[in-house]
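Engineer: sequence below, structure please.
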Amino acid sequence: CHAYIGIAAARRASGASDAGLAALALAEPLAAGMAREASRVAYLRGCFEFARGDARASQRAQEAARERALAAGDIECEAQALSGLADVLYADGRMASAYAAFERCVALCERGGLTRFSLNNRCMLAIVHAFLDPADAALPELDRVRVAARELRQPAAEVMADETEGWVRVVQGRYDDAIAPSERSLALAREIGSRRWVMFDLGLLAYAYWHAGRHIAARQALDEAFAHAGDVVLRFIGGMLYGAQALMAEDAIDRARALAEGERLLASGCPAHCHFWFRREAIDASLAHADWDGAVRQTVALDAFTRAERVPWIDFQVTRGRILAAAGRGAPDRDALLACRRRGVVMHLPGALPALDAALAKLA
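Structural biologist: Predicted coordinates for the structure are as follows:
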């Protein structure tokens, strides 16, 4: 049982979901009557389902994992299940609730001396924080995660720390600052064979290179990500990739195709970050090509996705898209533009400001 669980954990680290689930199918009957092992099997199953984009199946598995962990009195298994449940909240776009759940997980890790397991969860706190508060406020924690990861020889945690910094920088629109950590993460992800992180890093670099004026490198990164993502990984990060494709489209036909593929992906079910990334790029692509109705449609869809629990970063993107669309139609609201710009400054989102400045300049 322990051997099959170990195989599944290794498959999870390399992003091989089907092989991991096959190992769990062999472990599960052996774990019957052993609460700790049964919790571990359920936790890993939940992780694989999350990576496949099935949040509900992941939630059921993680709830079972926590129940069995409590029955076993095993603090490590309980922390794992809490982490999995936090992932589900994250996938649903309930960022404040996800942050609280990750905090509980990290606190449990500290109480139980589970430093290794805490590392990725501390990275997730930084990712979620970027959507809730000034985006870079959690970055100092990533430096501490990197140091601990190197001391403990945990390259996967080091990959995630660098990837998370790149992620936060791209969310902010600080694309030049995103390149170095994303390149470090990509190199180490390739070294340890973590396919999912390779695809994530390629997606981040596509955005960072493009906005830094390195268009050939951006297209190469995006093409490689699409070529090797596969259905499971694409479901997990496709929103990012199709958003980048719309950003880089050479003509209206390519842009419409990218937007249509992104819409199809979102309709099939995928984690919140796919909605966040794709809708933001779809809004900007529509604005850039004077498709004011299209931009508003995207804001409506994005707003609806987070209706159950408001997300400050989303509220900003929705407001920004709507007032820029109104300005494009010839009905600018100077006060609204200024208020939105001030909000972007407070949230440390410099990449969102140039379009607002351009709209304000027309009113000078």
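
Engineer: can you tell me the centre-most residue of the protein?
Structural biologist: Against the mean C-alpha coordinate of the chain, by CA atoms, centre = their mean, the closest residue is residue 273 at 4.4 Å.

Engineer: may I have the phi/psi pair for that residue?
Structural biologist: For residue 273, the backbone dihedrals are phi -60, psi -30 (criterion: degrees, to the nearest 10).

Engineer: again with residue 269
Structural biologist: Taking degrees, to the nearest 10, you get phi 100, psi 120 for the backbone angles of residue 269.

Engineer: residue 321 is in contact with residue 298, isn't it?
Structural biologist: Yes. The criterion here is CB atoms under 8 Å, and residue 321 meets it with residue 298 at 6.6 Å. Yep, even glycine has a C-beta here, placed from its N, CA and C like the rest.

Engineer: what kind of secondary structure is residue 44 in?
Structural biologist: Following DSSP: H, G, I helix; E, B strand; the rest coil, residue 44 is assigned to helix.

Engineer: tally up the residues packed near the nearest residue to it once chain neighbours are set aside, please.
Structural biologist: Nearest residue to residue 44, sequence neighbours excluded (CB to CB, 6 or more residues apart in numbering): residue 8, at 5.0 Å. By the criterion of other CB atoms under 10 Å, residue 8 has 26 neighbours.

Engineer: now residue 86
Structural biologist: Close neighbours of residue 86, defined as other CB under 10 Å, add up to 26.

Engineer: buried residues, the one helix or strand residue 6 maps to. List them.
Structural biologist: For residue 6, the host element (DSSP states H and E) is helix 2-14. Residues of helix 2-14 classed as buried by neighbour count (16 or more other CB atoms under 10 Å): 4, 5, 7, 8, 9, 11, 12, 13, 14.

Engineer: now do it: distance to the chain's middle.
Structural biologist: 23 Å (CA atoms, centre = their mean, to the nearest Å).

Engineer: can you list the residues that contact the next helix or strand after it?
Structural biologist: With elements assigned by DSSP H and E, the helix or strand that comes after helix 2-14 is helix 17-30. With CB atoms under 8 Å, 6 or more residues apart in numbering as the contact definition, helix 17-30 has outside contacts at 1, 4-5, 7-9, 11-12, 37-38, 41, 44-45, 48, 51-52, 232.

Engineer: again, only this time at 7 Å
Structural biologist: 1, 4-5, 7-8, 11-12, 41, 44-45, 48, 51-52, 232 (CB atoms under 7 Å, 6 or more residues apart in numbering).

Engineer: could you pull up the residues touching residue 169?
Structural biologist: If you count contacts by CB under 7 Å, 6+ apart, residue 169 has them with 177, 178.

Engineer: element containing the residue lying closest to residue 305 once chain neighbours are set aside, please.
Structural biologist: Using CB to CB, 6+ apart and skipping residues adjacent in sequence, the residue nearest residue 305 is residue 275, 5.0 Å away. Using DSSP H and E, residue 275 sits within helix 272-288.

Engineer: what does residue 107 give?
Structural biologist: helix 95-112.

Engineer: work out the gap between that helix and the centre of the chain.
Structural biologist: That offset, for helix 95-112, works out to 18 Å (CA atoms, centre = their mean).

Engineer: buried ones in it?
Structural biologist: Buried, per 16+ other CB under 10 Å, within helix 95-112: 95, 97, 98, 99, 101, 102, 103, 104, 105, 106, 108, 109.

Engineer: reformat those residues as JSON lines; add distance to residue 208 and pLDDT.
Structural biologist: Below are those laid out as JSON lines (distance: CB to CB, whole Å; pLDDT from 0 to 100):
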{"residue": "95", "distance to residue 208": "23", "pLDDT": "95"}
{"residue": "97", "distance to residue 208": "30", "pLDDT": "96"}
{"residue": "98", "distance to residue 208": "25", "pLDDT": "96"}
{"residue": "99", "distance to residue 208": "25", "pLDDT": "95"}
{"residue": "101", "distance to residue 208": "30", "pLDDT": "95"}
{"residue": "102", "distance to residue 208": "26", "pLDDT": "96"}
{"residue": "103", "distance to residue 208": "29", "pLDDT": "95"}
{"residue": "104", "distance to residue 208": "33", "pLDDT": "95"}
{"residue": "105", "distance to residue 208": "30", "pLDDT": "96"}
{"residue": "106", "distance to residue 208": "28", "pLDDT": "96"}
{"residue": "108", "distance to residue 208": "35", "pLDDT": "95"}
{"residue": "109", "distance to residue 208": "31", "pLDDT": "95"}
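
Engineer: next secondary structure after the helix holding residue 275?
Structural biologist: helix 292-305.

Engineer: helices or strands up against that next one?
Structural biologist: helix 272-288, helix 312-328 (3 or more CB pairs under 7 Å, 6 or more residues apart in numbering; DSSP states H and E).

Engineer: helix, strand or coil: sort out residue 79 for me.
Structural biologist: Here residue 79 is helix, with the state taken from three-state DSSP.

Engineer: can you name the residues in contact with the helix or strand harbouring residue 123?
Structural biologist: Under the criterion of DSSP H and E, residue 123 resides in helix 115-132. The contact list for helix 115-132, computed with CB under 7 Å, 6+ apart, reads 76, 79-80, 83, 86, 90, 95-96, 98-99, 102-103, 105-106, 109-110, 137-139, 141-142, 145, 148-149, 152, 154, 157, 160-161, 164, 167-168, 171, 311-313.
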